[in-house]
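Undergrad: Generate a structure from the sequence data that follows.
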Amino acid sequence: MAIVKNHFGFVMTRVLIAEKQTLIRKMLQLMLKADSDFEVVAEAADGGMTIERLQQSDIDLLIMNISMPGTSGVDLIVRAKAVNPKLSILVFSMSSDTHLVTLALKNGAGGYISTMHEP
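TA: Numbers count the residues shown, from 1 in each chain. Have a look, this model is predicted:
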């Protein structure tokens with residue numbers, strides 16, 4: 001694995017964006033590109049593609065929608081952590097169901113953002 005550094009000489013966080021909607025993936029990619037600490041190295045539109053990308057690349061951070069085609073979000077978290085136990089996972093969702101949030105966090109997500117609430 002090549003270590004990628006930003007223009008300040010700091011190691012960049014390698015990101016995989018997993019989101020079923022292309023527009024949302026591209027917006028997240030643009031926001032992260034504006035920050036020199038992040039490098040988006042892969043994208044995925046479903047659960048199977050997410051696991052493939054994790055197996056193919058050295059990813060530090062998975063930013064994922066809890067609602068992905070092909071697998072349940074919690075199952076995807078478990079599978080992603082099995083591929084890369086050191087992986088940081090940030091989940092976002094329209095759902096603010098506390099049971100779902102709890103399951104995501106208990107199974108390895110480091111954070112959960114509900115997109116239904118104001119920041």
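
Undergrad: who's in contact with Asp75?
TA: The contact partners of Asp75, by C-beta atoms under 8 Å, 6 or more residues apart in numbering, come to Gly47. From N, CA and C alone the C-beta is placed, and that goes for glycine too.

Undergrad: Now it, what are its backbone angles?
TA: Here is the backbone geometry of Asp75 (degrees, to the nearest 10): phi -60, psi -40.

Undergrad: now swap in Tyr112 and tell me
TA: Torsion angles, degrees, to the nearest 10, at Tyr112: phi -140, psi 120.

Undergrad: In contact with it, which residues?
TA: Tyr112 sits next to 66, 90-93, 101, 104-105 when contact means C-beta under 8 Å, 6+ apart.

Undergrad: buried residues in stretch 54-64?
TA: 54, 59-64 (16 or more other C-beta atoms under 10 Å).

Undergrad: picking that back up, looking at neighbours, which among the contacts of Tyr112 is most surrounded?
TA: Using other C-beta atoms under 10 Å as the neighbour criterion, Val91 leads the contacts of Tyr112 with 26 neighbours.

Undergrad: which residue ranges form the strands in this structure?
TA: In the chain, the strands defined using DSSP state E lie at 13-18, 38-44, 61-65, 88-93, 111-114.

Undergrad: Partner strands of the shortest one and their direction?
TA: Strand 111-114 has its sheet partners listed here by DSSP bridges as strand 88-93 (parallel).

Undergrad: can you list contacts of the partner strand?
TA: Contacts with strand 88-93, where a contact means C-beta under 8 Å, 6+ apart, come from 60-67, 73, 77, 80-81, 100, 104, 108-115.

Undergrad: quick one: that strand to chain centroid distance?
TA: 6 Å (C-alpha atoms, centre = their mean, to the nearest Å).

Undergrad: One more: stretch 30-45?
TA: The chain centre lies 10 Å from the centre of stretch 30-45; the measure is C-alpha atoms, centre = their mean.

Undergrad: got the end-to-end distance for that stretch?
TA: One end of stretch 30-45 to the other measures 17 Å (C-alpha to C-alpha, to the nearest Å).

Undergrad: circling back: of the buried residues of stretch 54-64, closest to Gly47?
TA: Comparing the buried residues of stretch 54-64 against Gly47 with C-beta to C-beta places Met64 closest, at 9.1 Å.
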